[in-house]
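[1] with the sequence up front, the predicted model follows.
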2 protein chains.
Amino acid sequence: MDRSGEFQKWKAQSLSKADLSRKGSVDEDVVELVRLLNGREQFFTTSSCSGRILLLDGGIDGCEIQKQNCSWLLVTHRLCAKDDVLSALKKARGDAVLKFEPFVLHVQCRQLQDAQVLHSAAVDSGFRNSGITVGKRGKTMLAVRSTHGLEVPLSSEGRLMVTEEYIDFLLKVANQKMEENKKRVDRFYSCLQLALEREEASGLRPETNKMARPVYTRRRKRKTEKTRGRRNSAEKQKDLGSDEDNAEISLSFFPENY
Amino acid sequence: MDRSGEFQKWKAQSLSKADLSRKGSVDEDVVELVRLLNGREQFFTTSSCSGRILLLDGGIDGCEIQKQNCSWLLVTHRLCAKDDVLSALKKARGDAVLKFEPFVLHVQCRQLQDAQVLHSAAVDSGFRNSGITVGKRGKTMLAVRSTHGLEVPLSSEGRLMVTEEYIDFLLKVANQKMEENKKRVDRFYSCLQLALEREEASGLRPETNKMARPVYTRRRKRKTEKTRGRRNSAEKQKDLGSDEDNAEISLSFFPENY
């Protein structure tokens, strides 16, 4: 089977599978984005999270190394209220940590050029840690990643170490990040639509899947924000102190011993 | 000039330049690692940080987006004491944030295979967000990255929002992360030495630079830890909820409009 045929087989298999995430469904804020991508023959999404505020219970290092072993006290993909966190904290037995995790998306791409289009849109939208991974069997995956996080230890062995006032303050910060994250996701949607339209106009990829067309046409009317991040990412290449905001499209080569 | 000649020119230029980092010198804990790499003709380091605890003063979002505009109240590459943070916090006028930033290293590599050797060692040592970037002019760069961070807002418009007891607790967590980070850096050094030795033994790269030899020979006597992260990183490829711990060697292709 040729690469394209193999890709279509992978896509069919992936989209027919049950959603294995804890939530079991695509987050509301990225449904249209996921539809847009899955409606194009050159893409399919394998995982996504629109961005979430998360309260984990566990040993801090345990959480760091094996997040899946932590107990999840609270998770929301919307703005978070103090009372929800306070009541969830009552269930904490270990070291509770509040995290804001920004939008993340994994998209399998038919070929590198497809991934490059996606990556360029991601970087221009502020997701500057995005990168392409290519596995042993030639699977080309784009991971859209941000550096816009938060990680705050709140309790020690079940004992709350901060005041209610602090939690209120912290949630203002976390909710600000959630709102900024939402703007970036919308910007990504707009950048991606423009990029795909340009590609089609250039005749490189004349075929479009009808599934995506209505979304695509409607959303084209939206004001598209001036792309950002290009200059930043170029500047940040020179940042000697931090690896934040490194704009890259990356291609993975797994070591032989993988 | 051929690629190898061009690389040697870049290396000579880079190593002759002044260190433009705030600190102005290589962190003590990574001096040997940097020497080992710069002593090999196929590598040179362009930036490094052994890992640091950082107290920033500024608007949270401002810090996120333009870290360089924040005022740095405190930075240490060692374990951090409560009193140092408390006295530094007295200078806070805006929203002070305590961060733990893990080891980061940028290494320019002569060719992709060289970067792959480095990346494999990085992933096996627990730096699972490492990736290669290749720029327009063919510059091949490995960024060694960890996900082992911490970001905690402490004050709002100059007003401290947490207790001394919390800062004490927080620094225990930050210092634990610093110690775990140090272990990973040592593991990376050992993994890298073994990988380079294997490569030389295989005859692929017989030439070694004498500069590196003394470090190399002495450090070879150290017990090398069992490589870790390989299984984790493979498992994490399946993690649908998070992009943490994605093991990849990544190759950058900058969009034309860069």
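    Now that the structure is in, tell me what you want to look at.

[2] CA atoms for contacts and neighbours, from now on please.
    Noted.

[3] which non-adjacent residue is nearest residue A:168?
    residue A:82 (5.7 Å; C-alpha to C-alpha, 6 or more residues apart in numbering or on different chains).

[4] dump the residue contacts of that neighbour.
    When contacts are counted by C-alpha atoms under 8 Å, 6 or more residues apart in numbering or on different chains, residue A:82 touches A:164, A:167, A:168, A:171.

[5] in terms of pLDDT, where does it sit?
    You'll see residue A:82 listed with a pLDDT of 94.

[6] between the contacts of residue A:82, which is nearest chain B?
    residue A:167 (9.4 Å; C-alpha to the nearest C-alpha).

[7] quick check: mean pLDDT of the helix or strand hosting the closest one?
    In this assignment (DSSP states H and E), residue A:167 forms part of helix A:164-201. On average, the pLDDT along helix A:164-201 is 95.

[8] which stretches of chain A form strands?
    A:43-49, A:52-58, A:71-76, A:95-101, A:104-109, A:131-134, A:140-144, A:150-153, A:155-156, A:159-160 (DSSP state E).

[9] so what does the last one touch, helix or strand wise?
    Contact analysis of strand A:159-160 by 3 or more C-alpha pairs under 8 Å, 6 or more residues apart in numbering or on different chains; DSSP states H and E lists no helix or strand as a packing neighbour.

[10] try 10 Å this time
    Where contact means 3 or more C-alpha pairs under 10 Å, 6 or more residues apart in numbering or on different chains; DSSP states H and E, strand A:159-160 is packed against helix A:82-89, strand A:95-101.

[11] looking at those, which is buried most?
    strand A:95-101 (a mean of 25; mean count of other C-alpha atoms under 10 Å in any protein chain shown).

[12] and that one, which strands flank it?
    The strands that strand A:95-101 pairs with in its sheet are strand A:52-58 (antiparallel), strand A:150-153 (antiparallel) (by DSSP bridges).

[13] any chance of those strands in CSV, with mean pLDDT too?
    Listed next are the strands paired with strand A:95-101 as CSV, based on pLDDT from 0 to 100:
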stretch, mean pLDDT
strand A:52-58, 93
strand A:150-153, 95
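
[14] quick one: terminal-to-terminal distance for stretch A:149-167?
    17 Å (C-alpha to C-alpha, to the nearest Å).

[15] can you report how many residues neighbour residue A:115?
    26 (other C-alpha atoms under 10 Å in any protein chain shown).

[16] ok, it touching residue A:108?
    Yes. Look at residue A:115 against residue A:108 with C-alpha atoms under 10 Å: they come within range, at 8.0 Å.

[17] could you measure the most centrally placed residue in chain A against residue B:151, distance?
    A centroid search over chain A (C-alpha atoms, centre = their mean) returns residue A:104, at 1.0 Å, as the residue closest to the centre. From residue A:104 across to residue B:151, the span is 19 Å (C-alpha to C-alpha).

[18] just list whatever residues bridge to the most far-flung residue of chain A relative to its centre.
    Distance from the C-alpha centroid of chain A peaks at residue A:159, with 32.4 Å (C-alpha atoms, centre = their mean). Per DSSP bridges, the residues bridged to residue A:159 are residue A:156.

[19] does it touch residue A:90 like I think?
    Yes. Residue A:159 lies in contact with residue A:90 (C-alpha under 10 Å); the separation is 9.1 Å.

[20] compute the number of surrounding residues for residue A:80.
    Residue A:80: 20 surrounding residues under other C-alpha under 10 Å.

[21] now swap in residue A:13 and tell me
    For residue A:13, using other C-alpha under 10 Å, the count is 10.

[22] before we move on, the earlier item: out of the strands paired with strand A:95-101, which is closest to residue A:193?
    Residue A:193 lies closest to strand A:52-58 among the strands paired with strand A:95-101, at 24.5 Å (C-alpha to C-alpha).

[23] angle of the closest one against helix A:164-201?
    Angle of strand A:52-58 versus helix A:164-201, following axes from the mean of the first three to the mean of the last three C-alpha atoms, to 10 degrees, is 130 degrees.

[24] show me the contacts for the residue farthest from the centre of chain A.
    Going by C-alpha atoms under 10 Å, 6 or more residues apart in numbering or on different chains, residue A:159 touches A:89, A:90, A:92, A:93, A:94, A:95, A:96.

[25] repeat that for residue A:118.
    For residue A:118, the contacting residues are A:37, A:43, A:107, A:109, A:112, A:130-132, A:142-144, A:188, A:191-193, A:195-196, A:249, by C-alpha under 10 Å, 6+ apart.

[26] any idea of the pLDDT on it?
    Residue A:118 is assigned 87 on the pLDDT scale.

[27] my understanding was that residue A:56 contacts residue A:100; is that so?
    No. If you go by C-alpha under 10 Å, residue A:56 and residue A:100 don't touch, sitting 11.0 Å apart.

[28] find residues that contact each of these two.
    Shared contacts of residue A:56 and residue A:100, counting by C-alpha under 10 Å, 6+ apart, come down to residue A:75.

[29] out of the contacts of residue A:159, what pair is the most spread apart?
    Going by C-alpha to C-alpha, the pair spanning those furthest: A:90 and A:95, at 11.9 Å.

[30] what sits in contact with each of the two?
    A:158, A:159, A:160.

[31] quick one: residue A:76 from chain B, how far?
    Separation of residue A:76 from chain B (C-alpha to the nearest C-alpha, to the nearest Å) stands at 13 Å.

[32] that residue: neighbouring residues, count only.
    14.

[33] same question, residue A:162
    Applying other C-alpha under 10 Å, I find that residue A:162 has 17 neighbouring residues.

[34] what distance do you get for it to residue B:168?
    Applying C-alpha to C-alpha to residue A:162 and residue B:168 gives a distance of 12 Å.

[35] again with residue A:97
    Counting by C-alpha to C-alpha, the gap from residue A:97 to residue B:168 is 16 Å.
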